[in-house]
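> would you be able to build a 3D model of this:
(2 chains)
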Amino acid sequence: MVYDLNYVKDNKDALELSIKRRFLGGTATDPVGRLIELNDSIKTMQREIDSLRHERNVISEGFSKASKEGKKTDDGDRKKVRNLMEGIKSKEDEIGKLTEEAKNLFLWLPNTIAEGVPDGKDDSENVEIKKAGDITDRKFKTKSYAEICEKKDLVDLENAARVAGSRFYYLKGKLVQLALAIEAYSIAKMASKGFTPLIPPFMIKKDVYSGIAHMATFEDALYKVSGVEDTGEEERFLISTTEHPMIAMYSDSVIPEGKLPLKFVGVSPAFRKEAGAHGKDQKGIFRVHQFNQTEQIVFCKPEDADRIHKEILENAEEMWAELGIPYRVVDICTGDMGVRDVKQYDIEAYIYSQEKYREVGSFDNTTDWIARRLNIKYSDDSGNKAYVSTLDGTGIPVQRALIAILETHQQENGDVTVPEALRKYTGFDRI
RNA sequence: GCCGGGAUGGCUGAACUUGGUUAAAGCGCACGCCUCGAGAGCGUGUUUCCGAAAGGAUUCGCAGGUUCAAAUCCUGCUCCCAGCGCCA
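Alright, predicted model coming up:
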């Protein structure tokens, strides 16, 4: 983790405003001011340490010369150096404490906010900016996906609960093939747009993860893999989104400017504790501990971030349209936006049985927020380095797409037609 | 899991046995000189941090330790290579 406090100084006003508009103020009093204060003390102290070290180095050099010439060394100097070292040590301890506090504050800081983001406290104040696809008036009564799965034996929740616990499932039969078809379709679609397909590791080391996620995420979302400590290995966590290992791929890296933008489409399972979601979508496969997804990730130059942000949103829209699912695009308000985002769009698919739009994708412009934490830079021809911008957006979340397809494409007799775009991957056109 | 070898700057690669000015040398890259231009040649620069600069600090996989002084000695860890064992 690298933290760059000049950035905080330069963006003081924007950051303070951001904290206020996101309603994060209660967490700490004047975090930005405190951070700047810490920064100044750390710098001053570092300068003092540097000059003490210089003194030490000068004396030490004298020893070096003396030993080469076979002369005796001065015991008084030896004592002096020892005193210097004590001074350095105590100052370093102090600097360590201040740095720890500064790092935690820095990690906590949200991103700034892009122009035009609607103000609001929570998701009720998000703004719908687009509706697409027709919600058809049915002559028959809509069956929920759960009913269809039950009737056609496509999901087994009961045995899953006994074997793995609640919020787990067995997918069965044609639903499995449909799930794999969604992945294959989504990967092929994105690859055709110049995104490099990627299957990432499904576990991440703790120290890497702490650059990406807040402690709250660790406790509420992440599963820790236990048992490895005994062998002396580092702790690992199961990924909670495909995005994390994809972004971390370039941590501590410098990407040559000519390679940007770097575009990837990943596919993997994701594991979430869903702590704090008790009661929400309790049954079924809408909110589960383990799901599959495809994910778009782009590393680009800052000036391209806005444009590519819209691009990844449009990529996903294109896929939902081809799957024939009615959806809408929502402009997320300040209070509901991820702290990493300067701007966030969500796609929500229409779920007939609930007569509601439900979230099926999130599209984040995180500018250099992640890059600063994971130290991802790019360099131009003359070697100047700057932080890249990163963008991430869902491709297709498989389980939720299954739900949307079952509910949207059901027929009166209870069968479900497979969207045209998926047929070459399923090999059948009807469930 | 066992045994062995290894990790040095943008890259190649020495110094480690025996701790001591500036991490050698080469390549690449940037800038300058030279040139009508290019090449060659010559010179300067090329980890990171503080600093307007001068300068200082820092850096040899990571973290500690010993020492006036660590790339070098000691301990722990991570990763890579090869062999053996196990294995989808």
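> counting by contacts, list what the top helix by length along chain A packs against.
Longest helix in chain A by number of residues (criterion: DSSP state H): helix A:31-68. Other helices and strands packing on helix A:31-68, by 3 or more CB pairs under 8 Å, 6 or more residues apart in numbering; DSSP states H and E, are helix A:5-10, helix A:12-21, helix A:75-108. Any C-beta I mention is one placed from the backbone N, CA and C, and that applies to glycine too.
> of all those, which gets the most neighbours per residue?
Of these, the one with the most neighbours on average (mean count of other CB atoms under 10 Å) is helix A:12-21, at a mean of 16.
> nearest to RNA strand B, of the helices and strands packed on helix A:31-68?
Among these, the nearest to RNA strand B by CB to the nearest atom of the strand is helix A:75-108 (3.7 Å).
> list the helices and strands that closest one packs on?
Checked by 3+ CB pairs under 8 Å, 6+ apart, helix A:75-108 has helix A:5-10, helix A:31-68 packed alongside it.
> and the angle for that helix with helix A:12-21?
Inter-element angle recorded for helix A:75-108 and helix A:12-21: 50 degrees (by axes from the mean of the first three to the mean of the last three CA atoms, to 10 degrees).
> do helix A:75-108 and RNA strand B meet?
Yes - Helix A:75-108 reaches RNA strand B (CB under 7 Å from any atom of the strand) through A:78, A:81, A:82, A:85.
> ok so, going back, how about CSV for the helices and strands packed on helix A:75-108, with distance to RNA strand B and mean pLDDT added?
As requested, the helices and strands packed on helix A:75-108 are exported to CSV (distance: least, CB to the nearest atom of the strand, whole Å; pLDDT from 0 to 100):
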stretch, distance to RNA strand B, mean pLDDT
helix A:5-10, 6, 77
helix A:31-68, 4, 85
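> what's the closest of those helices to residue A:255?
Residue A:255 lies closest to helix A:5-10 among the helices and strands packed on helix A:75-108, at 19.4 Å (CB to CB).
> quick one: distance of that closest one to the chain centre.
Offset of helix A:5-10 from its chain centre (CA atoms, centre = their mean, to the nearest Å): 23 Å.
> which other helices and strands contact that helix?
helix A:31-68, helix A:75-108.
> TSV please, covering these and showing distance to residue A:295.
Below are the helices and strands packed on helix A:5-10 laid out as TSV (distance: least, CB to CB, whole Å):
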stretch	distance to residue A:295
helix A:31-68	31
helix A:75-108	23
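> quick one on the thing from earlier: adding distance to residue A:190, write the helices and strands packed on helix A:75-108 out as TSV.
Formatted as TSV, those follow (distance: least, CB to CB, whole Å):
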stretch	distance to residue A:190
helix A:5-10	32
helix A:31-68	38
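> among the ones you listed, which is nearest residue A:321?
Of all the helices and strands packed on helix A:75-108, it is helix A:5-10 that lies closest to residue A:321, at 39.4 Å by CB to CB.
> and the helices in the stretch 201-350 of chain A?
Using DSSP state H, counting those that start in this stretch, the helices of the stretch 201-350 of chain A run over A:206-212, A:215-220, A:243-248, A:305-322.
> tell me what the longest one is packed against?
Right, the one you point to is helix A:305-322. Contact partners of helix A:305-322 among helices and strands, from 3+ CB pairs under 8 Å, 6+ apart: strand A:127-132, helix A:174-191, strand A:290-300, strand A:327-331, strand A:343-351, strand A:356-365, strand A:389-397.
> low-confidence ranges, chain A, go.
A:1-5, A:25-28, A:68-75, A:214-219, A:226-234, A:276-279, A:380-383 (pLDDT under 70).
> per-domain residue ranges of it.
A:5-108, A:123-426 (automatic domain parsing).
> and residue A:239, which of the helices and strands packed on helix A:305-322 is closest to it?
That would be strand A:290-300 among the helices and strands packed on helix A:305-322, by CB to CB, at 10.4 Å.
> before we move on, which element is residue A:412 in?
Following DSSP states H and E, there is no helix or strand that holds residue A:412.
> ok, now which ones touch residue A:93?
For residue A:93, no contacting residues are found, by CB atoms under 8 Å, 6 or more residues apart in numbering.
> show me what stretch A:153-163 is in contact with.
Here stretch A:153-163 has contacts from A:146, A:148-149, A:168-175, A:283-285, A:431, using CB under 8 Å, 6+ apart.
> can we see that at 7 Å?
A:149, A:168, A:169, A:170, A:171, A:172, A:173, A:174, A:175, A:285 (CB atoms under 7 Å, 6 or more residues apart in numbering).
> one step back: any idea of the angle the longest helix of chain A forms with helix A:12-21?
Orientation of helix A:31-68 against helix A:12-21 (the same axes, to 10 degrees) gives an angle of 130 degrees.
> quick revisit: filter the contacts of stretch A:153-163 down to the buried ones and hand me the PyMOL line.
Remark: buried members of these, expressed as a PyMOL selection using 16 or more other CB atoms under 10 Å:
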select buried, chain A and resi 149+168+169+171+174+175+285
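> nearest to residue A:203, of the contacts of stretch A:153-163?
For those, the nearest to residue A:203 is residue A:168 (18.6 Å; CB to CB).
> for residue A:195, which non-adjacent residue is closest in space?
In space, residue A:195 comes closest to residue A:265 once its chain neighbours are excluded; the distance is 4.0 Å by CB to CB, 6 or more residues apart in numbering.
> OK, contacts around that neighbour?
A:187, A:190, A:191, A:195, A:197, A:198, A:294, A:295, A:296, A:395.
> farthest pair within these?
Maximum pairwise distance among the contacts of residue A:265 (CB to CB): 13.5 Å, between A:191 and A:295.
> how many neighbours does the nearest residue to residue A:363 once chain neighbours are set aside have?
For residue A:363, ignoring the flanking residues on the chain, the nearest one in space by CB to CB, 6+ apart is residue A:393 at 3.9 Å. Look at residue A:393: counted by other CB atoms under 10 Å, it has 25 neighbours.
> I'd say residue A:393 and residue A:319 touch.
No - taking contacts as CB atoms under 7 Å, residue A:393 lies outside contact range of residue A:319: 11.1 Å.
> quick one: residue A:299 from residue A:205, how far?
21 Å (CB to CB, to the nearest Å).
> which one of the two is surrounded by more residues?
Neighbours per residue, other CB under 10 Å: of residue A:299 and residue A:205, the larger number sits with residue A:299, 25 against 14.
> bridging residues for the more buried one?
Residue A:299 has the following beta-bridge partners by DSSP bridges: residue A:262, residue A:390.
> so what's it up against?
Residue A:299 neighbours (CB under 7 Å, 6+ apart): A:250, A:255, A:260, A:261, A:262, A:376, A:388, A:390.
> closest to residue A:213 among those?
residue A:390 (14.5 Å).
> and that closest one, how many residues sit next to it?
26.
> list the residues that contact it.
Residue A:390 neighbours (CB under 7 Å, 6+ apart): A:247, A:299, A:366, A:370, A:371.
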